[in-house]
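Engineer: Everything below, folded, please.
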Amino acid sequence: MKWHFLGGSDTVTGSKHILETDASQILFDCGLFQGRRKEANEINRNLGFDPAAIDAMVLSHAHIDHCGNIPTLAKNGYRNPIHATKATAELLPIMLRDSARIQEADAAYLNQKTNRRGLPPIIPLYTTEDAETALKLLRPHAYETPIDLPGGIQLTHVDAGHILGAALARLEVPRPGKAPLRIALVFDLGRYNLPLLQDPVQIKDVDIVISESTYGDRHHDNALNEREDLRAAIHRALDRGGKVIIPTFALGRAQEIIYLIAQLRNRKAIPDVPIYLDSPMAHAISEVFEKSRGYLDDEFNHLHDRVGPVVTPDWLVFTETVEQSKAITNSTQPSIVLAASGMCEHGRILHHLKHGIENEKNIILLVGYQAINTLGRRLQNREPKVRIFGDEFAVKAEVETLHAFSAHADRTELLRYIRAAHPRHVFLVHGEQDQRESFAKLLREQLHLDVDLPVNGEVVDLSDFQTV
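Structural biologist: The predicted structure follows:
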C-alpha cells in the first residue's frame, strides 16, 4: 500500500494524491497549480500518472486548486466515477465551465502573438468539451454516508466547514492479515464560528492524518470579529465619499461578504448605498447557496426566514454584461463593489482597481489569501506603485487586509482538530515550507507525534504502519 503525494504537498495549489493498493488506485483531488505561467503550464499538462490506471476519483471540494485539472484527466481518457458531496456536485459545473472558458480564451490570446511569429499554435490545457465529459462522471453523495470504493476501501465524507460542500474524509483501507488502516484526509479544514457554514465535523480514532497546513504558522483574528471589521472599513470609505472595492473569490468569500453586509444593512449599521456583485460566476454560485439551506448554519436560516434570500437579495445589483461593469467603474457615486478574482490576477476587479486605485477616498479591502507574485500580494505588501494591464499606477487608495476573513483553519484550530483525531502519524501538505515546518514543530512538541513533510512526487509505503 502506497500513498503518492503528486501535487499540493509543498505548495498551496495543485492538490493531487493517489492511494495505491494491490487491488486498486484511487485519486484524491486533481487541482490546478497556480503560479508563473510557464511553470504552471508544464505542471498542469503533466498529470504524473496514467489516467487509465485510476479506478475512482474522490473530490474534496470545488475550489479550483482542488478540482481545476479534472478536465485534463477526462481529456486523457479517464472515464471512471468522480465521487463528491451533493453540494460540490452542484458547484462543479459552474467552476469547470468557467475554467475551460478561461483556458480557451488564454490560448486564443497567446495564439495572436504566435501566429504573427509563425510559431506553432498553443493548444488549450483543456476545452469546454473536456469539462462536459468530466461532469458526466460525477457521483453525488450525502455527508456521513459510507462510499464503497474499488479494492474494498470505504470512505465517509464529513463537513469540512471550509466552503459549501467541502468535505473531510475518513478512509478505511483493508490490509491482508492486519487491521484496516484508518486515514483522515484533512485537505482543507475550515474554521469554527464562520458565517454561513456549519463547524467542521470531527473525525476521531485514526492511525494517520494527512492535513493541510496553509496557516500552520499563525493565528487568525477571531472569526466573530469579521462583521465589525467590515463595518468599520466600509464606514471609513463611505464617510469620505469614496468607494469600497473588494476583490473576492467567486466561491465562498463573495457569499460570506454579502451575508455580512446583509446583517449590517438589516441592523442599519452601514449607509444605504448601491452594492454591486460584478461577477456572473459569483451570481451563479450564490443561487446554489440559496438552494442549499440545509448545509448552512442556523443564523443564515433564521435571517432567511425573516428577510428572504440572503446572498441574492433584491438590494444587491448583479452585473452580467461588460457594459454594466463599465458603468460602475465610470461612476463616482459612493458604493460597495465586489468583483473577482480574489487575488487580483484576472477578471473584472482589475478594471475597478485601474479606475479606483489612485483615488485616496477609496478603500481596497483584501479579504482572502494573497499568493506570492500576485497583484493582491503586492497591494497587501503596500507597494507604492503597481502595474495593471501593463500600466503603472500609484497606490493612493487605502489598502486594508481584514485578517479575520479566512476559510482555512489557523495553527490553533488545526492543532485542536488533529489532537481530537488521535493519530499516530501526521503528513503535512497544502502549505509553504515555513508554514509546514512551524506547525510540524508544534505537533511534535505538544502532541509528541511523528510528523512528515512530503514533497511533490514523493511516495510513502503505508503497508507496515501500526494501527492504534
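Engineer: Would you check how far apart the spatially closest residue to Gly152 that is not a sequence neighbour and His219 are?
Structural biologist: Counting by Cβ to Cβ, 6 or more residues apart in numbering, Gly152 lies nearest to Pro174, which is 4.5 Å off, once chain neighbours are set aside. C-betas here are computed from N, CA, C, even on glycine. For Pro174, the distance to His219 equals 40 Å [Cβ to Cβ, to the nearest Å].
Engineer: repeat for Gly77
Structural biologist: 45 Å.
Engineer: contacting residues for the closest residue to Ile388 other than its chain neighbours?
Structural biologist: Excluding the flanking residues, the one nearest Ile388 by Cβ to Cβ, 6+ apart is Lys354, at 4.8 Å. For Lys354, the contact set (Cβ atoms under 8 Å, 6 or more residues apart in numbering) comprises Thr329, Ile388, Phe389, Asp391, Phe393.
Engineer: What's the local residue count around the fourth one?
Structural biologist: Put plainly, it is Asp391. 8 (other Cβ atoms under 10 Å).
Engineer: the helices in this structure, which residues?
Structural biologist: 37-45, 64-67, 70-75, 86-117, 128-135, 226-239, 253-266, 280-290, 298-307, 322-330, 349-356, 375-380, 411-421, 433-447 (DSSP state H).
Engineer: next one: phi and psi at the most centrally placed residue in the chain?
Structural biologist: Closest to where the C-alpha atoms of the chain average out (Cα atoms, centre = their mean) is His63, at 3.8 Å. Dihedral pair for His63: phi -70, psi 140, per degrees, to the nearest 10.
Engineer: so it sits right up against Leu251, yeah?
Structural biologist: Yes. Between His63 and Leu251 there is a contact under Cβ atoms under 8 Å: 6.5 Å.
Engineer: Please enumerate the shared neighbours of these two.
Structural biologist: Met95, Ile163.
Engineer: residue contacts, the residue with the largest distance to the centre of the chain?
Structural biologist: Computed with Cα atoms, centre = their mean, the residue of the chain farthest from its C-alpha average is Gly177, at 39.6 Å. If you count contacts by Cβ under 8 Å, 6+ apart, Gly177 has none.
Engineer: how much space between it and Asp464?
Structural biologist: Taking Cβ to Cβ, one finds Gly177 at 12 Å from Asp464.
Engineer: Strands - which of the contacts of Lys354 land there?
Structural biologist: Ile388, Asp391, Phe393 (DSSP state E).
Engineer: Reformat those residues as JSON lines; add distance to Asp106 and pLDDT.
Structural biologist: Below are the ones in strands among the contacts of Lys354 laid out as JSON lines (distance: Cβ to Cβ, whole Å; pLDDT from 0 to 100):
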{"residue": "Ile388", "distance to Asp106": "18", "pLDDT": "94"}
{"residue": "Asp391", "distance to Asp106": "21", "pLDDT": "94"}
{"residue": "Phe393", "distance to Asp106": "24", "pLDDT": "98"}
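Engineer: how about the helices of the chain, which one is nearest Ala166?
Structural biologist: With Cβ to Cβ as the measure, helix 86-117 is the member of the helices of the chain nearest Ala166 (7.3 Å).
Engineer: ok, and the closest non-adjacent residue to Leu92?
Structural biologist: Ala62 (5.3 Å).
Engineer: thought the one you found was touching Pro93?
Structural biologist: No. Taking contacts as Cβ under 8 Å, Ala62 lies outside contact range of Pro93: 9.5 Å.
Engineer: Which residue of those two possesses the greater neighbour count?
Structural biologist: Ala62 (28 against 17).
Engineer: how much space is there between the more buried one and Thr85?
Structural biologist: For Ala62, the distance to Thr85 - Cβ to Cβ - is 9 Å.
Engineer: who touches both of these two?
Structural biologist: With Cβ under 8 Å, 6+ apart, Ala62 and Thr85 have common neighbours Gly165, Ala166.
Engineer: ok, Phe289 - contacts?
Structural biologist: Leu164, Leu196, Gln255, Leu296, Val311, Thr312.
Engineer: Report the separation between it and Ala53.
Structural biologist: 37 Å.
Engineer: What count of nearby residues applies to Trp279?
Structural biologist: I think there's a mix-up here, since residue 279 is Ser and not Trp. Neighbours of Ser279 using other Cβ under 10 Å come to 25.
Engineer: Oh, that last question was meant for Asp314, not what I typed.
Structural biologist: For Asp314, using other Cβ under 10 Å, the count is 8.
Engineer: residues near the residue nearest to it when sequence neighbours are not counted, how many?
Structural biologist: Excluding the flanking residues, the one nearest Asp314 by Cβ to Cβ, 6+ apart is Gly308, at 7.8 Å. Look at Gly308: counted by other Cβ under 10 Å, it has 11 neighbours.
Engineer: and Gly308, what pLDDT?
Structural biologist: At Gly308, the pLDDT value in this model is 90.
Engineer: And it, how far from Pro120?
Structural biologist: 54 Å.
Engineer: and if you look at Leu238?
Structural biologist: Leu238 is 52 Å from Pro120, by Cβ to Cβ.
Engineer: Compare these two and say which is more crowded by neighbours.
Structural biologist: Leu238 (20 against 8).
Engineer: Wait, the more buried one touches Ala232, no?
Structural biologist: No. If you go by Cβ under 8 Å, Leu238 and Ala232 don't touch, sitting 11.2 Å apart.
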